[in-house]
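In: Can you look at this prediction? I've put the sequence above it.
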Amino acid sequence: MKHFLNTQDWSRTELDALLADAARFKREKAGDALKGKSIALVFFNPSMRTRTSFELGAFQLGGHAIVLQPGKDAWPIEFNLGTVMDGDTEEHIKEVARVLGRYVDLIGVRAFPKFVDWQHDRQDSVLKAFADYSTVPVINMETITHPCQELAHVLALQEHFGSSDLRGRKYVLTWTWHPKPLNTAVANSALTIATRMGMDVTLLCPSEDYILDPRYLGWARDNVAESGGSLTVSHDIVSAYAGADVVYAKSWGALPYFGNWGPEKPIRDQFKHFIVDEAKMALTNNGVFSHCLPLRRNVKATDAVMDSPRCIAIDEAENRLHVQKAVMAALVGSHDGRDS
Amino acid sequence: MKHFLNTQDWSRTELDALLADAARFKREKAGDALKGKSIALVFFNPSMRTRTSFELGAFQLGGHAIVLQPGKDAWPIEFNLGTVMDGDTEEHIKEVARVLGRYVDLIGVRAFPKFVDWQHDRQDSVLKAFADYSTVPVINMETITHPCQELAHVLALQEHFGSSDLRGRKYVLTWTWHPKPLNTAVANSALTIATRMGMDVTLLCPSEDYILDPRYLGWARDNVAESGGSLTVSHDIVSAYAGADVVYAKSWGALPYFGNWGPEKPIRDQFKHFIVDEAKMALTNNGVFSHCLPLRRNVKATDAVMDSPRCIAIDEAENRLHVQKAVMAALVGSHDGRDS
Amino acid sequence: MKHFLNTQDWSRTELDALLADAARFKREKAGDALKGKSIALVFFNPSMRTRTSFELGAFQLGGHAIVLQPGKDAWPIEFNLGTVMDGDTEEHIKEVARVLGRYVDLIGVRAFPKFVDWQHDRQDSVLKAFADYSTVPVINMETITHPCQELAHVLALQEHFGSSDLRGRKYVLTWTWHPKPLNTAVANSALTIATRMGMDVTLLCPSEDYILDPRYLGWARDNVAESGGSLTVSHDIVSAYAGADVVYAKSWGALPYFGNWGPEKPIRDQFKHFIVDEAKMALTNNGVFSHCLPLRRNVKATDAVMDSPRCIAIDEAENRLHVQKAVMAALVGSHDGRDS
């Protein structure tokens, strides 16, 4: 049984097939690939696009999505093995995953880091626990990576450049300031998929502190080795933007200060000038700008950048619907659809 | 592209067509006018009837409704232009409306006033922002007016009187007491639609303080001029009820004290006797009573009035389903259904 | 019009028919028994399995479920008659039930006790108010009993024993410790249905304090008289488990201390050893273990018991889907499906 936890677990051929399916779903909205099927969307964190696009995608393919918010409108869940559950959690992931597997055909999970201990959060243990105990395929709806966003992003780039081949494009993943120390998930994902597609990738961030987790740098290097392209880490805005075909922005907290955010804040606050603005975009090769959304305007990117025709963030957001339909259809097809 | 923000934006012919469609939907529950279509229901405030009736209406016509509650299970939204978004809001209405427009075919918005500054609230800026930036039709699910309630109300009156022509009926919109200073939306709407239908309308309220916003009095006067009928403002219970065919109750806070509710409270508390009771109803022309619900029993109306066969509030509530199906079907028909 | 408030209101023939329908729905997932129909799921308390299984069951039979959470995403409801509603409640059950009856074909209600006054809670007044005022059938989704769980439990036992006849089986309902004083609903239900099915039932609990409400002991005795079997109350773990075919665990607070939970806590805390473990299960007749879930592992039952092939709690949970489809289909069939 196949899960969709990370694009890195899927072959390039499989990813290309998902992207082709997504493009097809974009042309033709209705279908019956999920007729009578269902997906549980388990949200430990808020969502707008993800829930809407999954719920709608299921509907448009004849299926049904059920939204569950543990600890809010469902019981809080225990993830550790062997625990004497005399604290706050009411139910163990083993039961949650097994029972859901009896009800639905797919399970989507959104579980952001807890932002206390990166060594713990980087294990992605909530998602993995669902995958371990579920008897139906599990989809990552953003944990410490965001593979659905990756596919939507790539599809938007393929559409923009009019080609499924993105090799040779200069791709800049730029850190931007945000008042809070955010999740690295989309940054990890951008690094992963951009190298996978063979682009020449620059990770632009203010300092060593903001470099991403070695796991994802390792994936990126593996991808470079396999697909061509390159990976550069830069702290210099001007040279990073120079000649870029794609600028992708994301904010995140510095990993060395993870859980100790007090001292990180004044460091982060020095780098507000990483905002994506017209002056920086003018350095690019008439590059496109995108972002996963939600985006704080005039904090991460200026109004001028967001409202420019070179901004493809809305296309990327729309593509969430199409790629997720492709992922759901592929996973249901790979599975008998019911535990027994 | 047409929105459904206020009945005043729609011609009388169009409104009559919506009411006729609603009556047809009431006779014939199932349909396919929304087959494969979807509506996002964006709730900034709680709801029972509105959500249930929209969700069900979409289902019964082959469509699907997605409920979003920004700031609760979705990201908090910024509505001002040009803001440096370094506060609490995570996402700008421009992106929210544009992205939703890529996903769904219709957007419903409920956004009550903030009750701090009427000059601000009376701009209806949340609803207008959705209408401005959305690429699909927007439906007002109650902001500072409540046009869906208007249609449901009129349909119930037409059913009761056995005629689509309500001209010549004496219609009393009576203020009633409530422990909190409520929204004027339904009162504004009642005034608007009752005059539109050519009825002889009396706005009964305790004092000058409780007169509605000039915009809606202006609409009412325009409607009187166009459709016949009349508009009277009264503070006298007995003469207002005398000979009434319709009594419609609503409570609201006094606009001159808007946001300064402390001093308004003792004023309001003098008028508990505005409650709709059997004695007052006995003054009418065997009139019907209605209310938009939720209604606090024995505060706005007595048990005897609510449980009387002359109370048509349940019919009006039911009609929400039918009129909203008519509105959704009309708007989807007026639009290609997708942004592109 | 028939409601599904308690199994005790339904004849044994009717219950057997529901169980047979459920088994059929388990074999054949899709159907059209609820085509175009809808159910409102009114939750005053959280839920995972109940909501998922009802929502999914409605979908799989062509219908649609609408989830309402009064006081959270819907208005708070008043249940008392004649009240002057000048407090927190915004809407009376009369209007809520009547309006919902105009919209949907079925209403499900989850309303746990308030845990302050058992004499009040034992009246089951929320559920009864819905049944009194609703014009469509009402389903108990757990109040002070949990009849849907009863059917799911019995179906799992019938599957396990390969026979619909459970007479002669030794059935132990064992109290277990929990950090909080929980609802007696599932215990009341287990006692009711196990005696109904003619099993030899032992209610094992730490002391007189933990005996269930006389109403349910009365039902159990009535059932014993009608269906054969027996009812024993025991405080002795070893003799209760000896030779048992079924061990069903549930925790609950002691009724004599209801609402006065301070002094109950140290009493309850003496009985942690009621946990279901392998040593106790070894005393049984190779018995099966089950629980309604959520279950706190290593508090109510050990990991070894939960992970054993003799644990049928997941089957029972799955069966919720199937029995509820049977209940919904039966109730919709018994009713014209719309108030008029």
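Out: Structure's in. What do you need?

In: Enumerate every residue touching the residue nearest to residue A:126 when sequence neighbours are not counted.
Out: Excluding the flanking residues, the one nearest residue A:126 by CB to CB, 6 or more residues apart in numbering or on different chains is residue A:111, at 3.8 Å. Every residue, glycine included, has its C-beta placed from N, CA and C. Counting by CB atoms under 8 Å, 6 or more residues apart in numbering or on different chains, residue A:111 touches A:44, A:45, A:126, A:127, A:143.

In: Let's see that with 7 Å instead.
Out: Residues in contact with residue A:111 (CB atoms under 7 Å, 6 or more residues apart in numbering or on different chains) are A:44, A:126, A:127, A:143.

In: Quick check: phi and psi on it?
Out: phi -150, psi 100 (degrees, to the nearest 10).

In: repeat for the one 3 residues further on
Out: Listed backbone geometry of residue A:114 is phi -90, psi -10, with angles given as degrees, to the nearest 10.

In: separation between it and chain C?
Out: 21 Å (CB to the nearest CB, to the nearest Å).

In: Grab the nearest non-local neighbour of the residue in the stretch 51-200 of chain A that chain B sits nearest to.
Out: Residue nearest to chain B within the stretch 51-200 of chain A (CB to the nearest CB): residue A:59, separated by 4.3 Å. What sits nearest to residue A:59 in space, not counting adjacent residues and going by CB to CB, 6+ apart, is residue B:64, at 4.3 Å.

In: for the one you found, which residues make a bridge with it?
Out: Beta-bridge partners of residue B:64, counted by DSSP bridges, are residue B:38.

In: and it, what does it touch?
Out: For residue B:64, the contacting residues are A:56, A:59, B:38, B:58, by CB under 7 Å, 6+ apart.

In: In helices only, show me these.
Out: Those of the contacts of residue B:64 mapping onto helices are A:56, A:59, B:58, per DSSP state H.

In: Averaged pLDDT, the helix or strand containing residue A:54. What do you get?
Out: Per DSSP states H and E: residue A:54 is located in helix A:49-60. For helix A:49-60, the mean pLDDT works out to 96.

In: Now do that helix: which elements does it pack against?
Out: strand A:38-43, strand A:64-68, helix A:313-333, strand B:38-43, strand B:64-68, helix B:93-103 (3 or more CB pairs under 7 Å, 6 or more residues apart in numbering or on different chains; DSSP states H and E).

In: Could you dump the ones you listed into JSON lines with mean pLDDT and distance to residue B:301 added?
Out: Formatted as JSON lines, these follow (pLDDT from 0 to 100; distance: least, CB to CB, whole Å):
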{"stretch": "strand A:38-43", "mean pLDDT": "96", "distance to residue B:301": "41"}
{"stretch": "strand A:64-68", "mean pLDDT": "94", "distance to residue B:301": "37"}
{"stretch": "helix A:313-333", "mean pLDDT": "97", "distance to residue B:301": "46"}
{"stretch": "strand B:38-43", "mean pLDDT": "96", "distance to residue B:301": "26"}
{"stretch": "strand B:64-68", "mean pLDDT": "94", "distance to residue B:301": "30"}
{"stretch": "helix B:93-103", "mean pLDDT": "95", "distance to residue B:301": "38"}
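
In: Just send the ones you listed back as a markdown table, with distance to residue B:237 too.
Out: Formatted as a markdown table, those follow (distance: least, CB to CB, whole Å):
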| stretch | distance to residue B:237 |
| --- | --- |
| strand A:38-43 | 51 |
| strand A:64-68 | 48 |
| helix A:313-333 | 55 |
| strand B:38-43 | 36 |
| strand B:64-68 | 41 |
| helix B:93-103 | 44 |
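
In: any weak-confidence spans in chain A?
Out: Along chain A, segments meeting pLDDT under 70 span A:73-74, A:334-340.

In: got the residues of chain A near chain C?
Out: Counting by CB under 7 Å from any CB of the partner chain, the positions of chain A adjacent to chain C are A:36, A:38, A:40, A:64, A:66, A:68, A:73-75, A:82-86, A:90-92, A:95, A:98-99, A:102-104.

In: and if we set it to 6 Å?
Out: Within chain A, the positions adjacent to chain C are A:36, A:38, A:64, A:66, A:73-75, A:84-86, A:90-92, A:95, A:98-99, A:102-103 by CB under 6 Å from any CB of the partner chain.

In: Contact partners for the most centrally placed residue in chain A?
Out: When CA atoms, centre = their mean is applied to chain A, the residue found nearest the centroid is residue A:146 (1.7 Å). By CB atoms under 6 Å, 6 or more residues apart in numbering or on different chains, the contact list for residue A:146 reads A:185, A:186, A:189.

In: and the residue lying farthest from the centre of chain A, which of the three is it?
Out: Most distant from the centre of chain A: residue A:86, at 34.4 Å, with distances by CA atoms, centre = their mean. Secondary structure, DSSP: H, G, I helix; E, B strand; the rest coil: residue A:86 is coil.

In: For the closest residue to residue A:177 other than its chain neighbours, which three-state class applies?
Out: Nearest residue to residue A:177, sequence neighbours excluded (CB to CB, 6+ apart): residue A:272, at 4.5 Å. With three-state DSSP as the basis, residue A:272 sits in helix.

In: Residue A:272 - how many residues pack around it?
Out: 14 (other CB atoms under 10 Å in any protein chain shown).

In: Over to residue A:36?
Out: Residues near residue A:36, counting by other CB under 10 Å, number 14.

In: sorry, back to before: let me have the contacts of residue A:111 in JSON lines, extended by neighbour count and secondary structure.
Out: As requested, the contacts of residue A:111 are arranged in JSON lines below (neighbours: other CB atoms under 10 Å in any protein chain shown; DSSP: H, G, I helix; E, B strand; the rest coil):
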{"residue": "A:44", "neighbour count": "19", "secondary structure": "coil"}
{"residue": "A:126", "neighbour count": "23", "secondary structure": "helix"}
{"residue": "A:127", "neighbour count": "24", "secondary structure": "helix"}
{"residue": "A:143", "neighbour count": "25", "secondary structure": "coil"}
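
In: Farthest pair within these?
Out: Distances among the contacts of residue A:111 were taken as CB to CB; the most separated pair is A:44 and A:127, at 10.1 Å.

In: Make a ChimeraX selection of the buried ones in the contacts of residue B:64.
Out: Entered in ChimeraX, the line below selects the buried ones among those, by 16 or more other CB atoms under 10 Å in any protein chain shown:
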select /A:56,59 /B:38,58
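
In: And the helices in the stretch 51-200 of chain A, which stretches?
Out: Under the criterion DSSP state H, counting those that start in this stretch, the stretch 51-200 of chain A contains helices at A:93-103, A:118-121, A:125-133, A:147-161, A:185-196.
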